[in-house]
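Chemist: Give me a 3D structure for the following:
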Amino acid sequence: MNTVSAYVFRQALGPLLAILGALAAIAILTQGLNQLDIIITNRRAGFAFAWVTLLALPQLISLVMPIAVFIAVVYALNRMQSESEVAVLYGAGVSRQRIARPIVQLAVLAALLHLTINVIVQPWAFEQRRLTFYELRTDIASSLIEEGSFTYPSEDLTLYARERGGGGELRDLLINDARPEFPITYTARAGAIATIDGRPAIVMRDGQIQRQIEDGTVDVLDFDRYVLQIDGTMEEPEYFYLKASDRTLHQLLMPDMTAHYDIGTIDRLQAEAHARLSSPMLSIALAMIALVSVLGGEFSRRGYGRRIMIGAVLALLVRVLSLVIASEAIGDPRLNIVQYLLPIGVILAAGSMLGGKASRRRRQSDGPSVLAET
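Modeler: Numbers count the residues shown, from 1 in each chain. The predicted structure follows:
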């Protein structure tokens, strides 16, 4: 890469990293605010949620990468145009293709990073998220019980513990469970949060169960030890579910045909696999739209706001259309090929506009005329 190409490459790389960094910071902030109460009450859970938030970044970066590339390229080239750097390059005999080459190289690197995230990083990140939440479920459920006050882990469950002892022991428990048709009240001398068969539960000792029955009377039962499952009171069940977005590319393309769920959702799995493979090409496609928006037209001393706005609308339309096609491919597998044709078509069309005969004729006369106007 020569000096000119390296300079143009750096001018686009800086804004791209800044945009991705800003989006990552926003994601971390919003995720942290959503879990602020748990972070405050449980320091270990707070660190874990920070780790889980970082693990969510690959999916976010994968989603916004094409748009980030478009914005970075438009910003860099428009700044170079406004400061007459492009005019100087034209006057020095540098062609549009030579200016566009480092931009395309940056877009290809972004596409390769996007592909790596889709195929390797994202499935690993979601697996780590599920493991982290699995390990924390007991600790988080325990943190929901505050000594000396009533807490409400869910709408139909009320918990009270007079105090917390050593080793996570809960003393003088009162639990009202309104999830069944007839509410049940539990009282116990002591209890503790435990994980049974991978699900959080409260193990109570020396207590009593009071349950209203159909005739209006109350049935009372004493117990020495009783286990109450509280699974479902947490708000993160989706993290434990192996959705299409959580699977590796191999699991998507080669589903387990002996599993009932895989058989019933094979079209969804295939659509997700093709979306992961095709979406990285959108970074190149949108970079080409940005190049045409700034370099593809005649020189204008008034700026390129109108062309950039048209390019931004087209870029947004292409990105939204790609998401719509990926969604519709779940119901119609024939649309999977369209997920590839859309970015390829945009790349070819923008490339022809940038390097066509008209552009070559303009390039032969742009240098001196542009310098004269500036």
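
Chemist: use CA for all of it now, contacts and neighbours both
Modeler: Will do.

Chemist: How far does stretch 169-184 sit from its chain's centre?
Modeler: Chain-centre distance of stretch 169-184: 37 Å, with Cα atoms, centre = their mean, to the nearest Å.

Chemist: next one: stretch 51-65
Modeler: With Cα atoms, centre = their mean, you get 4 Å for stretch 51-65.

Chemist: domains in the chain, as residue ranges please.
Modeler: 3-139+240-373, 145-232 (automatic domain parsing).

Chemist: Please identify the deepest-packed of those domains.
Modeler: Highest mean neighbour count among these (mean count of other Cα atoms under 10 Å): domain 3-139+240-373, with a mean of 18.

Chemist: average pLDDT across it?
Modeler: For domain 3-139+240-373, mean pLDDT is 80.

Chemist: could we number from 3 for the rest of this?
Modeler: Let's use 3 as the start, then, which means that last one is domain 5-141+242-375.

Chemist: Which pLDDT value goes with P182?
Modeler: Predicted confidence (pLDDT) for P182: 80.

Chemist: helix, strand or coil for it?
Modeler: Under DSSP: H, G, I helix; E, B strand; the rest coil, P182 falls in the coil class.

Chemist: Could I get the full set of strands for the stretch 103-252 of the chain?
Modeler: For the stretch 103-252 of the chain, applying DSSP state E, counting those that start in this stretch gives strands covering 152-156, 159-166, 171-179, 186-198, 201-214, 220-231.

Chemist: which residues touch the fifth one?
Modeler: Residues lying outside strand 201-214 but in contact with it, judged by Cα atoms under 8 Å, 6 or more residues apart in numbering, are 139-140, 143, 184-197, 220-233.

Chemist: swap the cut-off to 7 Å and go again
Modeler: 139-140, 184-197, 220-233 (Cα atoms under 7 Å, 6 or more residues apart in numbering).

Chemist: ok, of the strands of the stretch 103-252 of the chain, where does mean pLDDT dip lowest?
Modeler: Among the strands of the stretch 103-252 of the chain, strand 152-156 carries the lowest mean pLDDT (a mean of 74).

Chemist: ok so, going back, could the strands of the stretch 103-252 of the chain be laid out in JSON lines, adding distance to I63?
Modeler: JSON lines is the format used below for the strands of the stretch 103-252 of the chain (distance: least, Cα to Cα, whole Å):
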{"stretch": "strand 152-156", "distance to I63": "33"}
{"stretch": "strand 159-166", "distance to I63": "38"}
{"stretch": "strand 171-179", "distance to I63": "42"}
{"stretch": "strand 186-198", "distance to I63": "35"}
{"stretch": "strand 201-214", "distance to I63": "32"}
{"stretch": "strand 220-231", "distance to I63": "38"}
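
Chemist: Which one, of those, ends up nearest to Q253?
Modeler: Q253 lies closest to strand 201-214 among the strands of the stretch 103-252 of the chain, at 26.0 Å (Cα to Cα).

Chemist: Tell me what angle the closest one forms with strand 171-179.
Modeler: 60 degrees (axes from the mean of the first three to the mean of the last three Cα atoms, to 10 degrees).

Chemist: Adjacent strands (with direction) for strand 201-214?
Modeler: Here strand 201-214 has these sheet partners by DSSP bridges: strand 186-198 (antiparallel), strand 220-231 (antiparallel).

Chemist: Thanks a lot, see you next time.
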